[in-house]
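1. next come a sequence and a model predicted from it.
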Amino acid sequence: MYQFIESIRIENGNAPLIEYHQHRYNQCLKAHFKHAKPVPLSHIADKYANKQSNWKLRIEYDHKIRNAQCIPYRPRRIKHFRLVYDDQIDYAWKYSNRKAFEKLKSLYHEDEEIIIVKNNLITDSSYANLAFYAAPHWYTPKHPLLKGVMRQYLLDHNSIKTANITPGQLKQFELFCQINAMLDIDATQKYATGDILL
């Protein structure tokens, strides 16, 4: 297992957020391997231009690309969301080591997803950023654990706004959803905030 990953959506042969993945990958190399030379991730994604429907291209890397695997994407089925609290968790980069999430999730059923609260602020689920709806806008936590590529795309296009959201403020929102490279806000499943287990 290598140190970092990029999970890129291949949709009918296209990689719609490839520029955002490239930027995050470049920044990661700059922060951790300052002498490493970035490679164009589009060159890897182009190898899968014949793929129909949705695929997940997982790229593993450290100072160089180590592995690339493209598999069919199937969204998880989630029955419940539950708030969990952890003020020490850190996932500022897209690390391949996800033991912190696995430890938190191990306490709950497989069909339950966690929403992590850090310093009394809603952050992310275990594998996605979050967006909350209070008419007429969608809001995403201002301080996520990971600044995801879909989150940044939606912010750049004024489709969502940022806000600090505490557990006590959840009742101010009607709906919420998960967003990441594989989950576009328009297509991802929406959930009632009132159903979150506190």
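-> That came in fine, so what should we check first?

2. Leu145: how many residues sit nearby?
-> Leu145 has 20 neighbouring residues, counting by other CB atoms under 10 Å. C-betas here are computed from N, CA, C, even on glycine.

3. who's in contact with it?
-> 89-92, 116, 118, 123-124 (CB atoms under 8 Å, 6 or more residues apart in numbering).

4. may I ask which helix or strand of the chain has the lowest mean pLDDT?
-> helix 99-105 (a mean of 93; mean pLDDT, DSSP states H and E).

5. not counting sequence-adjacent ones, nearest residue to the most centrally placed residue in the chain?
-> The structure's the chain has its C-alpha centroid closest to Ala128; by CA atoms, centre = their mean the separation is 3.3 Å. Leaving aside its chain neighbours, Ala128 sits nearest to Gln178 (3.7 Å; criterion: CB to CB, 6 or more residues apart in numbering).

6. tell me how far the strand or helix carrying the one you found lies from the chain's centre.
-> Counting by DSSP states H and E, the element that carries Gln178 is strand 175-179. In this view, strand 175-179 has its centroid 11 Å away from the chain centroid, taken as CA atoms, centre = their mean, to the nearest Å.

7. of the contacts of Leu145, which is the most crowded?
-> Asp124 leads the contacts of Leu145 on contacts (other CB under 10 Å) with 27 neighbours.

8. residues touching the residue at the greatest distance from the centre of the chain, list them.
-> Distance to the chain centre peaks in the chain at His35, reaching 27.3 Å (criterion: CA atoms, centre = their mean). For His35, the contact set (CB under 8 Å, 6+ apart) comprises His63.

9. a helix runs through it, doesn't it?
-> No. Read with DSSP: H, G, I helix; E, B strand; the rest coil, His35 is coil and lies in no helix.

10. before we move on, back to that, I figured the residue nearest to Ala128 was touching Thr140, is that so?
-> No. The criterion here is CB atoms under 8 Å, and Gln178 misses it with Thr140 at 10.8 Å.
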